[in-house]
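# pasted the sequence and its predicted model underneath.
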Amino acid sequence: MKFSKAREEEPRLGIAPLVDIVFLLLIFFMLTSHFEIASGVRIKLPKVSQKVFNTQEMRVTVLLDRTGKIYFSGKKLTIKQLKAKMAKLVEENGIVHMVLQADQDTRHGRVVDVMDAAKSAGVRSIIIAARWKSQ
């Protein structure tokens, strides 16, 4: 009786599992990435020569355009609404730092109003954003 030898197939790498892995990695990076979008409000930050602030505590960003309109998380707010939002964040998270991105042409009084509202809501510190220029 003659038995035939089974043919051994050469191992090869399938493309389907590689595509699955790439898609899983893509989904993982999309879910874990954090992009802070500034809601399309165009502002020109003033320039400074020194960097000052670097912390890992909770920071929230408030935008103030050249006409004095306040934006928080992409939504336009009034001073009262901003104060209420900040108070809620301070109550939930404890220490909160606010980054104020105000257009360089914004009236000084409006900037002070926003800073006063944040401080009265319990914000620990206010950081005024500016573009850093190297010397």
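Great, that's in hand. Given the structure is predicted, the values throughout are model-derived calculations rather than measurements.
# the closest residue to K80 other than its chain neighbours: neighbouring residues, count only.
Nearest residue to K80 in three dimensions, chain neighbours excluded: A117, at 7.9 Å (CB to CB, 6 or more residues apart in numbering). Heads up, the C-betas are built off the backbone N, CA and C, glycines and all. Using other CB atoms under 10 Å, A117 is surrounded by 24 other residues.
# please identify the helix or strand for A117.
helix 108-120 (DSSP states H and E).
# just to revisit the earlier point, measure the residue nearest to K80 to I126 for me?
The spacing between A117 and I126, counted by CB to CB, to the nearest Å, is 10 Å.
# thinking again about what came up before, quick check: the residue nearest to K80 vs K2, distance?
94 Å.
# so what does the helix holding A117 touch, helix or strand wise?
Judged by 3 or more CB pairs under 8 Å, 6 or more residues apart in numbering; DSSP states H and E, helix 108-120 is in contact with strand 59-64, helix 79-93, strand 97-102, strand 125-128.
# got the contact list for stretch 85-96?
57-60, 72, 77, 98, 117-118, 121-124 (CB atoms under 8 Å, 6 or more residues apart in numbering).
# now stretch 76-88: how far from the chain's centre is it?
Centroid displacement of stretch 76-88 relative to its chain, using CA atoms, centre = their mean, to the nearest Å, is 19 Å.
# list the contacts for the residue nearest to K80?
Going by CB under 8 Å, 6+ apart, A117 touches 79-80, 82-83, 86.
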